[in-house]
Every structure is written in C-alpha cells, then in structure tokens.
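Colleague: any chance you could fold what I've pasted below:
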Amino acid sequence: MALSVQNFIKLANLYNQIVMVMSAVCVQKGGIAMENYAGRFFVADVLEYVYEYGRRLMAADKKSVPTNVADVIKRFGQQYEQVKNLTTPSQKPIYEMTLEEFERIMNI
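Modeller: From the prediction side, this is the model:
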C-alpha cells in the first residue's frame, strides 16, 4: 500500500470505528471496563499499525500532510504510548511483517 494521506484517513476511520464497537461491546456485556476487555490487545495492535503508517507518512513527505492530519497522527502517537505494552509481542513489529510472516505468527 503506497503511503498517502487518503489511506491514512481510511485507516484512522477504521480505528475509530473499532474503538466505537469495542465500547458498545463492553456496554452490552454489562458495562465492563474497556481495560478489562479481551479485545483491547487487538485494538492496541490496530492503533500501533495506524500510528506507524502515519509516522512513516510524515517521514516520507511532511509537506504533503495537512496540519489537521498531522495533529491526528500526533494524538495517535500519544495514545499508542499509553497502550504499547498491550501490543502483540513479536521479534518484528507487525507493521514490518510480510503477509506470510503475519500468517505464520497468527497460525493462519
């Protein structure tokens, strides 16, 4: 996937939708705290991926990134710092894996 602002916006929207669904699931399951929900690890992995995509987008061509998108990338970075201990451990970060490596790690 080529680095582009439009792709980042799509990924950011995906992440926001996932967080909204996670919140709804927690409410539906009796109001459990989001930090106690088993899916929080997946959400942390998605955040890691989205943030890294945005970080690389900024590194590739900072001038082409609008300031509002740069602010979102910065906010995702702050959120990621809070949950990075929840991401799936691996020898290689998920955003650097090939599809084959990811499938092997996930036993797909």
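Colleague: for the spatially closest residue to residue 66 that is not a sequence neighbour, give me its contacts.
Modeller: If you skip the residues right next to it in sequence, residue 66 has residue 5 as its closest partner in space, 6.9 Å away by CB to CB, 6 or more residues apart in numbering. C-beta: built from backbone N, CA, C; applies to glycine. Contacts were defined as CB atoms under 8 Å, 6 or more residues apart in numbering; by that measure residue 5 touches 57, 64-66, 69.
Colleague: buried members of the residues you listed into ChimeraX, please.
Modeller: Provided next is the ChimeraX selection string for whichever of the contacts of residue 5 are buried by 16 or more other CB atoms under 10 Å:
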select :57,65,69
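Colleague: so which residue of the chain lies furthest out from the middle?
Modeller: Most distant residue from the mean C-alpha position of the chain: residue 30, 25.9 Å away (CA atoms, centre = their mean).
Colleague: which pLDDT value goes with that residue?
Modeller: The pLDDT attached to residue 30 in the predicted structure is 91.
Colleague: now the one 3 residues further on
Modeller: Here, the pLDDT recorded for residue 33 equals 89.
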